[in-house]
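J.: 3D model of this:
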Amino acid sequence: MPAAAGAMAAVWARCRAAPPRYPGAVDASRPEERAALVALLRSAAARPWPEITADVVEAGSAQAVWQRQAPPALLTAPGEPDALADAAGQISHWASRGWRLTTILDSGYPARLREIHQAPPILFSRGTLTADDPAVCVVGSRQASERGLDTAARIARELTARGITVVAGLARGIDTAAHQATLDAGGRTVGVIATGIARVYPPENHRLHEDIAARGLLLSQFWPEAPPQRHTFLMRNATMSGYALATVVVEAGEKSGARVQARLAVQHGRPVILTDAVVDRNDWAKALAGRPGVHVARRLRDVTDAVTQVMAERADVDAELQRLAPRR
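T.: Numbers count the residues shown, from 1 in each chain. So this is what the prediction gives:
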């Protein structure tokens, strides 16, 4: 193992030795809890999902929120199916299709994702979902240049060599290059999609979807049949930022979705690594470059050095939290 990769492995070992910062409020694996949360989210009278999520997390129980807040519009009308029974049936159907449902109350919900205020109340997944994944997001333009595609692939391979999961959005261009290079190098990659888990977008990435589900993780925060829409891509960007320790923007334009994710990552307190090409060509990147936690990389070594620093800082914070935690 190269010296740099060995150093990274040692840093990550320190991270894993510390307890998770957010282990999960409640294990909501009981079928009744899952059905209650799905019923709340699916109800025609439902409030915005973030409000429901906040109430459920505060109560520690979706059942409690359902019982407390169900107005007459949520109660079963004569001749209509029971909402909880209908939700339980949907969950059973999803399971039969191989789609894992994880709620924000489950201990297996990604710990870092729970830290952000846009945390999805539910996640659908195929593949291996872990609560504490050492992940870095690699994103960029769909209409990427050959240089950009090559840079994304090289970054993905370097992260893989250091045992770091590569997260991207399964879009054309930079995302696809990062996913494919990670798989080719034998690494773990997570595809966070802007559609339901039953859909493939873009269509030409069908095989890549299947490969990621088989060897990594395919993740969606939307109902299984949900189509791609403008707002779903923005929501997906927030989820990618929340899932990862840091975001690397390889190549992007002034109106790129990667620009949105970079700004979200800064809001989330997550480090952002911008390549010099991004900074040189975009006013938004120039403005971000002076912000705390934003790094500018002019060569591949700069990216890996910044990631190493991020991992070390995270390990130090977790170690301090472990020291300060009261003994049981």
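
J.: Now do the strands for this protein: every range, in order, please.
T.: If DSSP state E is used as the criterion, the strands of the chain fall at 100-103, 122-127, 135-139, 165-168, 189-192, 217-220, 246-249, 272-275, 294-297.

J.: Would you mind checking the average pLDDT for the second one?
T.: The reference is to strand 122-127. The average pLDDT within strand 122-127 is 98.

J.: And it, how far out from the chain middle?
T.: The chain centroid and the centroid of strand 122-127 are separated by 11 Å under C-alpha atoms, centre = their mean, to the nearest Å.

J.: so where's the stretch 201-328 of the chain shaky on pLDDT?
T.: By pLDDT under 70, the weakly predicted segments of the stretch 201-328 of the chain are 321, 325-328.

J.: Make a markdown table out of the strands of the chain and add mean neighbour count and distance to residue 227.
T.: In this view, the C-beta of every residue, glycine as well, is placed from N, C-alpha and C. Below are these laid out as a markdown table (neighbours: other C-beta atoms under 10 Å; distance: least, C-beta to C-beta, whole Å):
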| stretch | mean neighbour count | distance to residue 227 |
| --- | --- | --- |
| strand 100-103 | 20 | 20 |
| strand 122-127 | 22 | 15 |
| strand 135-139 | 28 | 22 |
| strand 165-168 | 28 | 20 |
| strand 189-192 | 28 | 16 |
| strand 217-220 | 26 | 12 |
| strand 246-249 | 28 | 26 |
| strand 272-275 | 27 | 30 |
| strand 294-297 | 20 | 34 |
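
J.: Same list (the ones you listed) but as CSV, adding distance to residue 55.
T.: CSV is the format used below for these (distance: least, C-beta to C-beta, whole Å):
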stretch, distance to residue 55
strand 100-103, 13
strand 122-127, 15
strand 135-139, 29
strand 165-168, 29
strand 189-192, 25
strand 217-220, 23
strand 246-249, 30
strand 272-275, 32
strand 294-297, 34
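
J.: so which of these gets nearest residue 313?
T.: Among the strands of the chain, strand 246-249 comes nearest to residue 313, with 10.1 Å by C-beta to C-beta.

J.: Can you give the contact residues for the closest one?
T.: Residues from elsewhere that reach strand 246-249, judged by C-beta atoms under 8 Å, 6 or more residues apart in numbering: 136-140, 155, 240-241, 258-259, 261-262, 265, 270-275, 278, 285, 297, 303, 306-307, 310.

J.: And stretch 267-279, by the same measure?
T.: Counting by C-beta under 8 Å, 6+ apart, residues outside stretch 267-279 touching it are 115-116, 140, 147-148, 151, 241-242, 244-252, 258, 262, 265-266, 285-286, 288-289, 293-298, 302-303, 306-307, 310.
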